[in-house]
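Colleague: I'd like to go over a predicted model; first the sequence, then the structure.
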Amino acid sequence: MAVVAGLLIGLEREQSAPADKGPESFLGGARTYPLVALTGALSGLLGRAFGAPVVVMAFAAVVIFLAVAYVDVVRRGTERGLTSEAAFLITFLLGALSVAHDIIPQGGRRVFTVLGAAVAVTALLSSKPVVQPLIRRLSREDVVSVLKFLVVALLLVPWLPDRDFGPLGALNLRTIGWMMLLVAGVSFVGYAATRMLGPERGLTVTGFVGGLVSSTAVTLAMSSRSKGNVAMERPAALAVVLASSIVFVRVLVVVAFVDFKLATALAVPMLAMAAVGLGACAFLYRRSAAMGSGEPLHLKNPVNLSSAFEFALIFAAVMAGSKLASHYLGSAGVYAAALVAGSADMDAIALSMAELAGDQVPFAVAATAVVLAGFTNTVVKGGMAVALGSWGYARIVVTSFAAILAAGGLSLLAVWR
């Protein structure tokens, strides 16, 4: 087991050895790393008879060897990081762990632990060609935003009080916090996709991931680009329709995390609207001759504290309003709240209905409210296209949106069957 673990890591190190830096920068490969792992395993076996100092001394000997080798490389003026040295130490420890019956008594679990760790280390070592271009695309703002988000997710939200308050007990700080993290996390997935793929991949990719981040932002940007540029009308309309279609899939996934039964009720109308929108995109894609032309759209990082707290406030307001409307006005009040809330944000009303569905609001009413919010949101984006874009671009967007709304209206029959 120790030799196999060392061999995996050693093969990767030998394949990754830079040929242009000379043999003096090569620490070891397919033979050296298995020997280091075997050293760790043998020291572990001897440690059973002579005590833990044997393992400590063997590990110290490996550290001294690495220190001497690294100083020699630096003295020669050759540049090298510490990746191979760290892999050396991990290989030794994996070898020692492979015979550590006291730490992991079950043999099968020890095999999976040692070899699984070796595979993980090998994957990390070989990921340099993928990781480095990704790191170059990251900005300091991205890193700081993610760190702030993690602080909120790990240090703030878990400690929020889990009790109801407000009108009719509609609000719960812990629930609001988790909903905020859920929406921000889904948005960040789309943003990360643009950073990994690169915005230069074209407006089709922009529209796809823009539906995860902000379809409204895509609509505003594409509308302004279509003005005075006939060649951009179809590609820009494609990006908008694609982003607006992905929104329905995004909302369905988000609702499924909270209430799978409501997601089941929503599946037919949401997927129908998404399917019609994607069909329109396929037609536009075939007809478009200028895919990816123009400057790429740069989406802002959606993970920042101000946006997160803004959504939390919107969600709290929609949640309280929906519960009050349901209590005093019945289903009509819920529909009115959905129409108003959907003009600004679909996620807030969708998650509110996911929280209320079943106990306070019938599932069919909750599903209809989410679909109505989707109607309002789509109409608002269509208005943006008409007001801010060229006529040819607006005509394509409005026609596609009309087909999407028709599909949603017809599929509502499945909710009430």
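Modeller: Nice, thanks for sending it over.
Colleague: Show the residue spans covered by the strands in the stretch 51-200 of the chain.
Modeller: 164-165, 171-172 (DSSP state E, counting those that start in this stretch).
Colleague: Buried deepest among these, which one?
Modeller: Highest mean neighbour count among the strands of the stretch 51-200 of the chain (mean count of other Cβ atoms under 10 Å): strand 171-172, with a mean of 19. Backbone N, C-alpha and C define where each C-beta goes, glycine included.
Colleague: Show me what it pairs with in its sheet, parallel or antiparallel.
Modeller: Next to strand 171-172 in the sheet, as set by DSSP bridges, lie strand 164-165 (antiparallel).
Colleague: How far off centre is the partner strand?
Modeller: Taking Cα atoms, centre = their mean, to the nearest Å, one finds the center of strand 164-165 at 31 Å from the center of the full chain.
Colleague: returning to what we had before: which one, of the strands of the stretch 51-200 of the chain, ends up nearest to Ala272?
Modeller: strand 171-172 (32.7 Å; Cβ to Cβ).
Colleague: ok so, going back, CSV for the strands of the stretch 51-200 of the chain, including distance to Gly47 and mean pLDDT?
Modeller: Shown next, in CSV, are the strands of the stretch 51-200 of the chain (distance: least, Cβ to Cβ, whole Å; pLDDT from 0 to 100):
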stretch, distance to Gly47, mean pLDDT
strand 164-165, 57, 72
strand 171-172, 53, 74
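Colleague: Can you say which of those is nearest to Ala263?
Modeller: Nearest to Ala263, of all the strands of the stretch 51-200 of the chain, is strand 171-172, at 20.7 Å by Cβ to Cβ.
Colleague: Save the strands of the stretch 51-200 of the chain as a markdown table, and put in distance to Ile404 too.
Modeller: What follows is those, written out as a markdown table (distance: least, Cβ to Cβ, whole Å):
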| stretch | distance to Ile404 |
| --- | --- |
| strand 164-165 | 37 |
| strand 171-172 | 33 |
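Colleague: Those strands: which one's closest to Asp102?
Modeller: Across these, Asp102 has its closest neighbour in strand 171-172 (46.1 Å, Cβ to Cβ).
Colleague: distance between the closest one and the chain's centre?
Modeller: With Cα atoms, centre = their mean, you get 26 Å for strand 171-172.
Colleague: How about stretch 268-279?
Modeller: Mean C-alpha position of stretch 268-279 versus that of the full chain (Cα atoms, centre = their mean) differs by 23 Å.
Colleague: buried ones in it?
Modeller: Val268, Pro269, Met270, Ala272, Met273, Ala274, Ala275, Val276, Gly277, Leu278, Gly279 (16 or more other Cβ atoms under 10 Å).
Colleague: which of the residues you listed lies closest to Asn172?
Modeller: Closest approach to Asn172 among the buried residues of stretch 268-279 (Cβ to Cβ): Met270, at 25.9 Å.
Colleague: Distance-wise, check the closest one relative to Leu220.
Modeller: Plainly put, Met270 is 24 Å away from Leu220 if you go by Cβ to Cβ, to the nearest Å.
Colleague: just checking, Gly95 touches Tyr33?
Modeller: No. Shown here, Gly95 and Tyr33 do not form a contact pair, counting by Cβ atoms under 8 Å, at 9.7 Å.
Colleague: on that earlier part again, among the strands of the stretch 51-200 of the chain, which is nearest Arg234?
Modeller: Across the strands of the stretch 51-200 of the chain, closest to Arg234 is strand 171-172 (Cβ to Cβ), at 45.6 Å.
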